[in-house]
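J.: here you go, sequence then predicted model.
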Amino acid sequence: MEDKYNYKTIYLRVKEDILKGAYPTGTLLPTELTLADKYSVSRPTISKVYNRLQKEGYVNKKKGLGTIVLFKEGIKKCTFGLLLPGAGESEIFAIINDQILKQFEKMQLNSLWEGATASNAEIRRNLIETCCNNYIEKKVDGIFFSPLERVPDADYINQTICDKIRQAGIPLVLIDRDIVPIPQKSPFDVVCLDNYSSGCMMAQHLIKAGCKRICFFYRPDSAYSVRIRLLGVKDTVEENGLKFDKFNEFCGNPEDLSFVRTMHLLKGETGIICANDSTAAVLMSSLEAVGYKIGSDLLICGFDDMKYSQHLKYSLTSFIQPCKEIANVSIDLMMRRVECNDRPPLSVYLNGEIIERESTRFV
């Protein structure tokens, strides 16, 4: 007589196979159809089994790929430190931070998060140095770090922090940016937006909108990721037969009206790509204050799709980052590095998309 299987018995069998190592960490479980045929049950029954295993942190279902085994014997005792100082300035880091914590909870991993989310860059600097030292003292099993920006000695601080972590033998994954400018590459894993491609896409978007002069605006001491976006913009503009030189690049504070007045902008032809939404929001206000009108005189856009972007006087076109996927991939790389910290460093560049709004439409 054939055994009859139900949801509970199948769940227990698959879980036991995972615990025994029949499905090693990083491998794929059989497809839902394959397992349904094996146990003579419906596919929704197997889907229910896999969903429960995912909720408990044993597997991760990825669309288009399959169900990946996350469980590794002994990994549940791991504790990781989060150094994401940008969470006090940009929503993208708050989303990344929350997603990492949610995944840790599912995977039954421990995390240490001691803040470093102040809006003031100098305060963030002091906080992350203190947090880093604390994580090293506690001998965490890995650290996720989003390098500091917008302070004059950010490069030195970032390098110092990474050197401390490396000397302590603690696995490190960099989030959102590297600590060195291209074409250099640090000896650490990096997960971020494909900044070059996103810059290309933004430039192409403004050109299609009717702009014949494309400019790029960023604040002093911005991250290296901003420079990569700028390169993508420059290359795309020139490939379309338009000019891009030092007069198309503006580095300054968007609230500085005297600086904004020095910008050479051709009315009805200019499109400005800002390094992020916070810069774009302030610059739009300053441009209006000195006599320019968004939509008729010029177009403007930013990056990160902050919540307020669609509620500005002119709703802001923005490039949305795949924040949750950045978090998920960062965890995958950390698990890989915890298993063997001598692996060659990887750089993972993820795609985002343009959210088109009023600020990039000529009227």
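T.: Received, thanks.
J.: only C-alpha atoms for contact and neighbour calcs from this point on.
T.: Noted.
J.: ok, what's across the strand from residue 216?
T.: The partner list for residue 216 in beta bridges (DSSP bridges) reads residue 249, residue 273.
J.: got the contact list for it?
T.: By CA atoms under 8 Å, 6 or more residues apart in numbering, the residues touching residue 216 are 230, 233, 248-250, 272-275.
J.: quickly note the distance from it to residue 244.
T.: Look at residue 216 and residue 244: by CA to CA, to the nearest Å, they are 10 Å apart.
J.: and if you look at residue 283?
T.: In terms of CA to CA, residue 283 sits 20 Å off from residue 244.
J.: the more surrounded of these two?
T.: Higher neighbour count among residue 283 and residue 244: residue 283, with 22 against 18, using other CA atoms under 10 Å.
J.: in terms of helices and strands, where is the more buried one?
T.: Secondary structure from DSSP states H and E places residue 283 in helix 277-289.
J.: domain ranges for this protein?
T.: Structural domains assigned to the chain are 7-69, 77-193+322-351, 195-321+354-360, following automatic domain parsing.
J.: what's the span of the last one, first residue to last?
T.: Put plainly, it is domain 195-321+354-360. Start and end residues of domain 195-321+354-360 are separated by 20 Å (CA to CA).
J.: need the contacts of residue 216 in TSV with pLDDT, can you?
T.: Formatted as TSV, the contacts of residue 216 follow (pLDDT from 0 to 100):
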residue	pLDDT
230	98
233	98
248	97
249	97
250	97
272	98
273	98
274	98
275	96
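J.: quick one: contacts for the closest residue in space to residue 48 that isn't next to it in sequence?
T.: Leaving aside its chain neighbours, residue 48 sits nearest to residue 7 (7.6 Å; criterion: CA to CA, 6 or more residues apart in numbering). Residue 7 sits next to 45-46, 48-49 when contact means CA under 8 Å, 6+ apart.
J.: show me which of those are buried.
T.: Among the contacts of residue 7, those scoring as buried are 45-46, 49 (criterion: 16 or more other CA atoms under 10 Å).
J.: name the residues that touch the strand or helix carrying residue 160?
T.: Using DSSP H and E, residue 160 falls within helix 154-167. Helix 154-167 has contacts (CA under 8 Å, 6+ apart) with 125, 129, 132, 136, 147-148, 171-172, 179-180, 221.
J.: for ChimeraX, write a command that selects the buried ones of the residues you listed.
T.: Applying 16+ other CA under 10 Å to the contacts of helix 154-167, the buried members can be selected in ChimeraX as follows:
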select :125,129,132,136,147,148,171,172,179,221
